[in-house]
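Enquirer: Got a sequence here, can you model it:
(one chain, ligands or ions: 2)
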Amino acid sequence: MGSSVRKGKVVRQTGGHPPAATASRRQQERNGNNTRRSAVTEDYYHTPQKTAETCCSESRIIYGSEKNSNATARDLEVTIQTLIDNNNVMIFSRSTCKRCSKVKDLFKSMNIPYCSLELDQTEDGQRLEVVLLELAMERSVPVVYARQTKVGGYERTVKVHREIGFLKLLEVNGQVEEPSYDYDLIVIGGGSGGLAASKEAAKLGKKVLVLDFVVPTPLGTRWGLGGTCVNVGCIPKKLMHQTALLGQAIKDAPKFGWQLDEKVNHSWDTMTEAVQNYIGSLNWGYRVSLRENNVTYENAYGEFVGPHKIKATNNKGVEKFYTAERFLIATGERPRYLGIPGDKEYCITSDDLFSLAYCPGKTLVVGASYVALECAGFLAGLGLDVTVMVRSILLRGFDQDMANQIGQHMEEHGVKFIRRYVPTKVEQIKEGYPGLLKVTAHSAENSEVIEGEYNTVLLAIGRDACTRKIGLEEVGVKINEKTGKIPVNDGEQTNVPYIYAIGDVLEGKMELTPVAIHAGRLLVRRLYGGSRIKCDYVNVPTTVFTPLEYGACGYSEEKAIEKFGEDNIEVYHSYFWPLEWTVPSRDNNKCYAKVICHIRDKDRIVGFHVLGPNAGEITQGFAAAIKCGITKEQLDSTIGIHPVCAEIFTTLSVTKRSGGDILQSGC
Ligand code: FAD
Ligand code: NA7
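Expert: Ligands and ions are numbered 1, 2, ... in the order given. Coordinates of the predicted model:
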């Protein structure tokens, strides 16, 4: 389980002696000389533990990126030369060629690591082969290089093996070079996923480096270690949601006998200071825990500069270079901007909101997904004048029945909605904290134009994966060019086998903190702990912290219909009235419970949805039951807890299809 990396170049004595650092290397280690270390690790070798196939795919993908598919002959030459330069033994091969297989078997039998490129499985492989054969002056594959020198084809390789021996050929001063990296694992991004994975890897005895760097927002906001969730996501969001809930509780309190003699006011400054202080303690805690787990942390921006090699640039512009056997991309996402005049100059995003030095005042929230509605919800809950500008629908991707009920509830509680409009211009009318902004917006349906004045404009129109400026093209990691997201296999491995990705950068996965953490830990346990357990991205529960909270797990009604067919699903539903809401006469028939059952699969519950207080707390437990495959019958036979909101799920009897009455008037 121990670390397989040595600092810098390491050699193995011929004759199978254990690894030993060279004298100069040992000296470097004693001196802690980083500059020397990066110079030494200019050399790059594949690890001997890896199979030849792994090496082969690495090389293949180095070449086969989309960027190179229109490669010129010169590009192809560079690709070939890079592979030769970067590998102690490089075999150009075809997967179907028997002589190629024999050559690879020969190296395997000698336990000599090699890298092979399977030209028949490589994009542009045919063209590559033509250029290679010309360069090497050979007639066919295999073509073998050792220590950057051509050995030749099959016959010549066998001859060298018999007459000289490859161990001899690869020997330097009586020693055979072995691959060496600065780290076993370098994690780029110290957010939810990256921190969890790095600590887990270190616990399993690996040498780990985490790079975390926050590029400031256009308005200059930056924050500490921990990523989005801690600094500008889940944590401050939930605390501000709680602030709004307390405001509601204060309104309810007189009905329960509390005599609030003075007018109750809210202080934005006190709230943000308290929230930021708590975040500061978490930032500190993360640093301590990295240190305690022997994870090296650098506050530096990571960027691939070559195979197995990364550049780390700190905020003073100082660059360092590190190598690792494996890499984990966990760089997350950042808010998107509209690309209209005035957006970056005058608008804020969620990255700015939670530490805003002044109360935002009258606010326009642009966007209609959960970040937008949550922010709009708590700002309104603080008593601010809030408008949401919606391009199309609310909460795209979520159950629309639930989304519309959330919108209706927000509207009834003072949030204004401008539907089917998109902003086209933001101008400053008055400077200040907050100042005054004029927003021009166009109808998404016709040519109508509207204008409005707001103190603050909050953009929540989606987030872009941080993948376009981290040198992925240098190592051939493919991204979805449209979304910037990274496709991975079911083991979170990118198309470059030594590079993995987790969290919000992943294509087609839920962007949630526990997902990033879970995937990161499981990945590391598979890589270093002998585990085979993969992350199950199905039935991940989630909660939207709008004023009326929404918890969900499994399929939305629309998706269930699409997947199983309308006739094959049964939807059971009901409104409910939380006991706590009865005395203050709050919203009867706003809280709502719904389960979606797959009729042909024993009425298995495939969708769970709840609107009401503590929706997240409710959903968490039911998510475990859904993971275990709970059926409607089992749910019905579960005895409820009285008087709580969640008990409604044990008594759902009205199907949506029946149109039966679901209104509630008491407990
Ligand atoms: P992040 O946590 O984003 O971490 C990535 C880190 O990498 C960042 O620190 C970034 O600065 C750094 N980085 C980027 N590029 C580089 C580089 N080249 N070199 C070094 N460092 C780099 N999820 C929930 O589960 N529940 C919620 O209630 C919830 N609420 C949210 C509310 C908001 C407003 C937002 C924006 C998100 C919310 N999320 C929530 C989502 C959650 O925050 C993310 O899913 C989670 O943080 C993703 O973790 P990650 O490790 O992929 O990335
Ligand atoms: P989402 O889920 O990507 O939603 C973006 C929202 O913004 C959605 O309502 C979009 O409307 C709207 N949008 C997108 N572009 C525009 C423009 N140009 N003008 C107006 N409205 C626009 O983003 P979120 O920020 O809520 O959440 C992203 C992730 O962050 C989430 O998964 C969490 O992990 C955290 P549309 O429906 O496309 O018409």
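Enquirer: can you list the residues of the stretch 101-250 of the chain near ligand 1?
Expert: The stretch 101-250 of the chain has residues 188-194, 211-214, 227-229, 233-234, 237 near ligand 1, with proximity defined as Cβ under 6 Å from any ligand atom. The way it works is simple: take the backbone N, C-alpha and C, and place the C-beta from them, glycine included.
Enquirer: Repeat that for the chain.
Expert: For the chain, the residues in contact with ligand 1 under the definition Cβ under 6 Å from any ligand atom are 188-194, 211-214, 227-229, 233-234, 237, 301-302, 330-332, 350, 371, 466, 470, 503-504, 511-514, 516.
Enquirer: Quick one, which of those are buried?
Expert: 188-194, 211-214, 227-229, 233-234, 237, 301-302, 330-332, 350, 371, 466, 470, 503-504, 511-513, 516 (16 or more other Cβ atoms under 10 Å).
Enquirer: ok so, going back, out of the residues of the chain next to ligand 1, which are close to ligand 2?
Expert: Judged by Cβ under 6 Å from any ligand atom, the overlap between those and the neighbourhood of ligand 2 comprises V371, E511.
Enquirer: now, which of the residues of the chain next to ligand 1 lie within strands?
Expert: I188, L211, Y301, G302 (DSSP state E).
Enquirer: Please verify my assumption that the second one contacts T296.
Expert: No. Counting by Cβ atoms under 8 Å, no contact exists between L211 and T296, whose distance comes to 9.5 Å.
Enquirer: E129: neighbouring residues, count only.
Expert: 21 (other Cβ atoms under 10 Å).
Enquirer: Name the spans of the chain whose pLDDT lies under the cut-off.
Expert: With pLDDT under 70 as the threshold, the chain has low-confidence stretches at 1-69, 172-179, 665-667.
Enquirer: Next, the contact list for the residue in the stretch 501-650 of the chain that ligand 1 sits nearest to, please.
Expert: Of all residues in the stretch 501-650 of the chain, G503 sits closest to ligand 1, at 2.1 Å by Cβ to the nearest ligand atom. Remark: with contacts taken as Cβ atoms under 8 Å, 6 or more residues apart in numbering, G503 is in contact with G189, G191, S192, G193, G194, A330, G332, E511, V515, A516, A519, G520.
Enquirer: After the one helix or strand E473 maps to, which helix or strand is next? Please name it.
Expert: For E473, the element it lies in under DSSP states H and E is helix 472-475. Following the chain from helix 472-475 toward its C-terminal end, the next helix or strand by DSSP H and E is strand 499-501.
Enquirer: Can you list the helices and strands that that next one packs against?
Expert: Judged by 3 or more Cβ pairs under 8 Å, 6 or more residues apart in numbering; DSSP states H and E, the packing partners of strand 499-501 are strand 319-329.
Enquirer: Pull out the buried positions in the strand it packs on.
Expert: The neighbour-count criterion (16+ other Cβ under 10 Å) identifies K320, F321, Y322, T323, A324, E325, R326, F327, L328, I329 as the buried residues of strand 319-329.
Enquirer: Can you tell me which of those is closest to T272?
Expert: When the buried residues of strand 319-329 are compared for distance to T272 (Cβ to Cβ), I329 wins out at 31.8 Å.
Enquirer: looking at it, that closest one is touching I188, isn't it?
Expert: Yes. In this structure, I329 is within contact of I188 by Cβ under 8 Å, at 5.4 Å.
Enquirer: Spell out which residues are contacts of both of the two.
Expert: Between them, I329 and I188 share these contacting residues under Cβ under 8 Å, 6+ apart: I470.
Enquirer: Show me the helices in the stretch 201-350 of the chain, by range?
Expert: With DSSP state H, counting those that start in this stretch, the ranges of helices along the stretch 201-350 of the chain come out as 227-232, 234-252, 268-292, 343-346, 350-353.
Enquirer: Point me to the residue of the stretch 501-650 of the chain nearest ligand 2.
Expert: With Cβ to the nearest ligand atom as the measure, the residue in the stretch 501-650 of the chain that lies nearest ligand 2 is E511; the distance is 3.0 Å.
Enquirer: Now that residue. Nearest residue, chain neighbours left out?
Expert: Setting aside the residues directly before and after it, E511 is nearest to D504 in space (Cβ to Cβ, 6 or more residues apart in numbering), at 4.5 Å.
Enquirer: ok, the one you found to A372 distance?
Expert: Using Cβ to Cβ, to the nearest Å, one obtains 17 Å as the distance from D504 to A372.
Enquirer: So which elements touch whatever helix or strand T82 lives in?
Expert: Under the criterion DSSP H and E, the helix or strand holding T82 is helix 73-86. When contacts are defined as 3+ Cβ pairs under 8 Å, 6+ apart, helix 73-86 packs onto helix 52-63, strand 89-93, strand 115-118, helix 125-136.
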